[in-house]
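Chemist: okay, sequence plus prediction incoming.
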Amino acid sequence: MFYYIIALLVVLAGAASLVYSSRLLLDGSWWRGFLRGCGGLLLVGVGVIAILIALDILGYKHAYTDRPVATISFERLGEQSYRAVLVETDGTEQRYDILGDQWQMDARILRWSSFFASMGAQPAYRLDRLGGRYFSLEKERQANRSVYALTEHETLGMDLWPLMQSVSNWLPISAQYGSATYMPMEDGALYSVSLTSSGLIAKPMNEPAKAALKRWQ
């Protein structure tokens, strides 16, 4: 609910900026000067960017420390080839064919300033990428790789993450990558993925996953 309120306030601010800028631009008093026209165009840009950022924030989910954010299971397709089934806590299910010996997942995390955090504002996250890794350094460098963007189905056709990172110093919220988690792939293996204060962490949930992890260690 907190992020819906924040997004609504930003959308309202952006809409107000668009309304005011349109009044400036359609006033018909261009004789008052070039600066007034430039000011109107600037407000249009600010309003559009504010609305886009607000809508993008709605794609993030509340981050509760040490609670699972997803599960991932694997089916062996061939030598160093697996089909992964990723299920998020909201029931969203996606399937990916991954090459390698290990899987790796990254996340994007939004963290609020200490002032807003003290008022109960929780961090938010969005799963970012899923890919494969090889145990062999030579294969890691030369073999085919598989990396998938997990944000494509949640964006509005444009990735605002670089913009959010660049303006973090001017906002009470910071955009940062959480540390990646990776585990070995195995036929029938099931893992849970949780979010901690430092980033993502994966844990084996069944015997195939535990056995694969034991061999890897």
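Modeler: Okay, I see it.

Chemist: every contact and neighbour count from this point should use C-alpha atoms.
Modeler: Noted.

Chemist: which parts of stretch 137-152 are buried?
Modeler: By neighbour count with 16 or more other Cα atoms under 10 Å, stretch 137-152 contains the buried residues 147, 150-151.

Chemist: contact partners of that stretch?
Modeler: The contact list for stretch 137-152 (Cα atoms under 8 Å, 6 or more residues apart in numbering) reads 96-100, 126-134.

Chemist: list just the nearest of those to residue 185.
Modeler: residue 100 (8.0 Å; Cα to Cα).

Chemist: will you turn the buried residues of stretch 137-152 into CSV that also has pLDDT?
Modeler: Converted to CSV, these look like this (pLDDT from 0 to 100):
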residue, pLDDT
147, 94
150, 87
151, 73
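
Chemist: next SSE after the host helix or strand of residue 84?
Modeler: Using DSSP states H and E, residue 84 sits within strand 81-88. Using DSSP H and E, the helix or strand that follows strand 81-88 towards the C-terminus is strand 93-99.

Chemist: what's the average pLDDT for that following strand?
Modeler: Mean per-residue pLDDT for strand 93-99: 96.

Chemist: what comes into contact with the first helix or strand past it going along the chain?
Modeler: Per DSSP H and E, the first helix or strand lying C-terminal to strand 93-99 is strand 102-112. Outside strand 102-112, the residues that touch it by Cα under 8 Å, 6+ apart are 121-135, 172-185, 199-200.

Chemist: tell me where this structure has strands.
Modeler: Residue ranges of the strands in the chain, as given by DSSP state E, are 61-62, 67-78, 81-88, 93-99, 102-112, 124-133, 147-149, 173-184, 190-195, 200-204.

Chemist: contacting residues around residue 71?
Modeler: 86-88, 190-193.

Chemist: residue contacts, residue 208?
Modeler: Counting by Cα under 8 Å, 6+ apart, residue 208 has contacts 186-190.

Chemist: any chance of the buried residues of stretch 137-152 in JSON lines with distance to residue 12 as columns?
Modeler: Listed next are the buried residues of stretch 137-152 as JSON lines, based on distance: Cα to Cα, whole Å:
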{"residue": "147", "distance to residue 12": "37"}
{"residue": "150", "distance to residue 12": "29"}
{"residue": "151", "distance to residue 12": "25"}
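
Chemist: re the thing from before, and the contacts of stretch 137-152, which two are furthest apart?
Modeler: Greatest spatial distance among the contacts of stretch 137-152 (Cα to Cα): 126 and 134, at 25.2 Å.

Chemist: the more surrounded of the two?
Modeler: Shown here are residue 126 and residue 134; by other Cα atoms under 10 Å, residue 126 has more neighbours (22 against 19).

Chemist: is it true that the more buried one touches residue 61?
Modeler: Yes. Between residue 126 and residue 61 a contact is recorded at 6.5 Å, counting by Cα atoms under 8 Å.
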